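Student: no FASTA, just this:
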């Protein structure tokens, strides 16, 4: 749990490092402290920052004098993008700890590593095999770029549409008014349905013969008789609507954090004349930003991994392929099973997921720094 046996340090709270080291672990022999991009190891310019220099010297001296205490009770990890090996603090860490440098690997290094793994399992591959799959995916497979575009769009919509909707609903459900518990329970019921079942339900809603969507469209266009799921453009919108507004889990996570905001903070804001909306904007939302970051990552990655809706509604028709559906098509439904190519797409999917996480973390960290300044 972050804040007890797992402590995260960065350049905004690095001055708390010694105090965090000295605080005993709770229920375990050791606790983990990760100090990420603290600025302690950066090469100093001609104009030295006096406060940072003093802090470096203080931490360096403390680590030297208390190395045994740290070894027995703390796992201390410094993760820095920039480190000057000539600094005293760096030399101290190198002397009593372990320094690891992680360089980006070149393609030839990755290729050698993959070959060694394959050889260990007695799988022989030639030089061209490793990259032929990617050449096919990028240049010959007709649906990859469409799927990547769609999945990226759904990921963005998950973060910028689903999270605000879920936050507004959670704020509404957190109000202390008569009957609100009943409303919460009613809201949660539809979200207990699996995504597969939801896909089938929406398939019936969009059915041109007996669904309710076509009659609504005919109120504005009397001659409309097409299946909306077979029209490029409308099919994508229909697919998006089938999942984007179902925010039950996300809403519950946000609501739980809202309910944990201390009541005395709200009471103090009310005494200062802050209305409900101002309390939400200036107190509640800033206090739950950690949860908002987490659910943003979950919503964005869920959008990028969208599969059930594609499978049950369109099976990729009318420009609605997703990355997950491409993997299925390559691995299962293609004339000959193409597991190598499916794995190539899966690796791209994993890397894209990491990029999504890094981007959202960066956005929230920039927002947090702006607030502190």
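Tutor: Arrived safely, thanks for sending. Predicted, not measured: the structure shown is a model, and the values here were computed from it.
Student: Quick check: which ranges of the stretch 201-350 of the chain have low pLDDT?
Tutor: Applying pLDDT under 70 to the stretch 201-350 of the chain flags the ranges 334-337.
Student: Which stretches in it count as strands?
Tutor: Using DSSP state E, counting those that start in this stretch, no strands are found in the stretch 201-350 of the chain.
Student: quick one, helices of the stretch 51-200 of the chain?
Tutor: For the stretch 51-200 of the chain, helices defined by DSSP state H, counting those that start in this stretch occupy the ranges 67-73, 88-96, 107-120, 129-135, 144-157, 163-173, 180-191, 195-205.
Student: a markdown table for the ones you listed, including distance to residue 265 and mean neighbour count?
Tutor: C-beta here means a position set from N, CA and C on the backbone, and glycine is covered the same way. Output for the helices of the stretch 51-200 of the chain, formatted as a markdown table (distance: least, C-beta to C-beta, whole Å; neighbours: other C-beta atoms under 10 Å):
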| stretch | distance to residue 265 | mean neighbour count |
| --- | --- | --- |
| helix 67-73 | 34 | 13 |
| helix 88-96 | 39 | 15 |
| helix 107-120 | 51 | 11 |
| helix 129-135 | 53 | 15 |
| helix 144-157 | 33 | 19 |
| helix 163-173 | 15 | 19 |
| helix 180-191 | 20 | 12 |
| helix 195-205 | 37 | 15 |
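Student: Tell me which of these lies nearest to residue 314.
Tutor: Nearest to residue 314, of all the helices of the stretch 51-200 of the chain, is helix 195-205, at 9.3 Å by C-beta to C-beta.
Student: And for the closest one, what's in contact with it?
Tutor: Residues from elsewhere that reach helix 195-205, judged by C-beta atoms under 8 Å, 6 or more residues apart in numbering: 193, 210-213, 229, 238, 241-243, 246, 308-309, 311-313.
Student: follow-up on the earlier one: the helices of the stretch 51-200 of the chain: which one's closest to residue 55?
Tutor: Comparison of the helices of the stretch 51-200 of the chain against residue 55 by C-beta to C-beta identifies helix 88-96 as nearest, at 9.9 Å.
Student: What's the mean pLDDT across that closest one?
Tutor: Averaged over helix 88-96, pLDDT sits at 90.
Student: Now do that helix: which elements does it pack against?
Tutor: Here helix 88-96 touches helix 50-65, going by 3 or more C-beta pairs under 8 Å, 6 or more residues apart in numbering; DSSP states H and E.
Student: ok, residues contacting the helix it packs on?
Tutor: 14-15, 17-18, 21, 39-40, 44, 70, 87-89, 92-93, 96.
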